[in-house]
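K.L.:
Give me coordinates for this.
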Amino acid sequence: MLVISDLEKTYPGKNGGFTAVSGMSFTVNEGEMFTIVGPSGAGKTTLLRCIAGLDDATGGSVVFDGEDVAGPPRDFAVVFQDYARSLMPWITVAKNVELPLMKKGSEPAERKERVARALEEVGLAGAGEKKPFQLSGGMQQRVAIARAIAYRPRVLVMDEPFASVDAQTRSDLEDLLLRVREETGTTVVFVTHDVDESVYLSDRVAIVTRSPSRVAEIVDIPLPHPRDQITTKSLPEFAELRAHVFGRIRAMVRDSALASA
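P.N.:
Predicted coordinates for the structure are as follows:
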């Protein structure tokens, strides 16, 4: 469904600028939960922005359904880490969820039905007339997810969407994402710094290096579905996968520190 080939992104500047991503190649299958992890400063957000057509790559290609991505595809939705800045504080929760549907040209009755269903799916039925600032941080992030769900994207791109919420809310949102993905078949490309989260959510995990970022390894996650915060994370297989992913990232950080020294 998605093919990323020799992707490169260089930001202009002195001495040839700064290359955040170079030689990045991988594929994402339809309906897959594909997570990207790596050390801080690995260019993960830059990579996601290029995949979603929000930034132009300086080399290589991103191909979606056989066509080059040269701007945000209509079948994509993006959920950012900073949910507060992505919501319009002066309009209601329902209107925030409805915004992309208006741009899409959906009929009013269809928009109303989609908004109501999306809010119900994320546990916010009855909150449609509130303003975002009247909700907790976790609830605001649910609004951002509801907006993406209501749009019915084929690909959902998420940049550390649960990083700013407490641990319990994070677990709830992880399970919400898994449930929505199972019900809709949406393809998800997900960036996180949390190794446990990457293993718990994913079908495959791509471990990327420090900048200039490239794929170091893609790890299959053959854990059974449906997944559960307690049962799944108690499995020996989960512990082994977590240790492997964490070990690769930790080795990268150690090697980088030694090289700098």
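
K.L.:
Do a quick rundown of the helices in the stretch 1-150 of the chain.
P.N.:
Taking DSSP state H, counting those that start in this stretch as the test, the helices found in the stretch 1-150 of the chain are 44-51, 83-86, 93-104, 108-121, 137-151.

K.L.:
Now residue 149. Nearest residue, chain neighbours left out?
P.N.:
Using C-beta to C-beta, 6 or more residues apart in numbering and skipping the chain neighbours, the partner closest in space to residue 149 is residue 118 (4.5 Å). Yep, even glycine has a C-beta here, placed from its N, CA and C like the rest.

K.L.:
What distance do you get for the one you found to residue 153?
P.N.:
For residue 118, the distance to residue 153 under the criterion C-beta to C-beta, to the nearest Å works out to 12 Å.

K.L.:
what's the single longest helix in the protein?
P.N.:
For the chain, the helix with the greatest residue count under DSSP state H is helix 236-260.

K.L.:
contact partners of that one?
P.N.:
In this structure, residues lying in contact with helix 236-260 by C-beta atoms under 8 Å, 6 or more residues apart in numbering are 37-39, 195-196, 198-200, 205, 207, 209-210, 216-217, 219, 221-223, 232.

K.L.:
let's see 6 Å
P.N.:
Counting contacts by C-beta atoms under 6 Å, 6 or more residues apart in numbering, the residues outside helix 236-260 that touch it are 39, 195-196, 199, 205, 207, 210, 232.

K.L.:
can you check stretch 71-79 too?
P.N.:
Contact partners of stretch 71-79, identified using C-beta under 6 Å, 6+ apart, comprise 52-53, 64, 144-145, 148, 151, 153-158, 161.

K.L.:
one more time with 8 Å
P.N.:
Contact partners of stretch 71-79, identified using C-beta under 8 Å, 6+ apart, comprise 48, 52-54, 64, 86, 100, 104, 141, 144-145, 147-148, 151, 153-159, 161.

K.L.:
got it, and stretch 121-135?
P.N.:
Defining contact as C-beta under 8 Å, 6+ apart, one finds that stretch 121-135 is touched by 84, 87-94, 96-97, 115-116, 119, 139-140, 142-143, 145-146, 149, 176, 180, 183.

K.L.:
need the strands for the stretch 151-261 of the chain, in chain order.
P.N.:
Assignment of strands within the stretch 151-261 of the chain using DSSP state E, counting those that start in this stretch yields the ranges 155-159, 187-191, 204-208, 215-220.

K.L.:
and residue 108, which of those strands is closest to it?
P.N.:
Shortest distance between residue 108 and the strands of the stretch 151-261 of the chain, using C-beta to C-beta, is found for strand 155-159: 24.7 Å.

K.L.:
quick one: the closest one to strand 187-191, angle?
P.N.:
Angle of strand 155-159 versus strand 187-191, following axes from the mean of the first three to the mean of the last three C-alpha atoms, to 10 degrees, is 10 degrees.

K.L.:
what sits up against strand 155-159?
P.N.:
With contact meaning C-beta under 8 Å, 6+ apart, strand 155-159 is reached by 1-2, 44-45, 48, 51-52, 64, 73, 75-81, 148, 177, 186-191.
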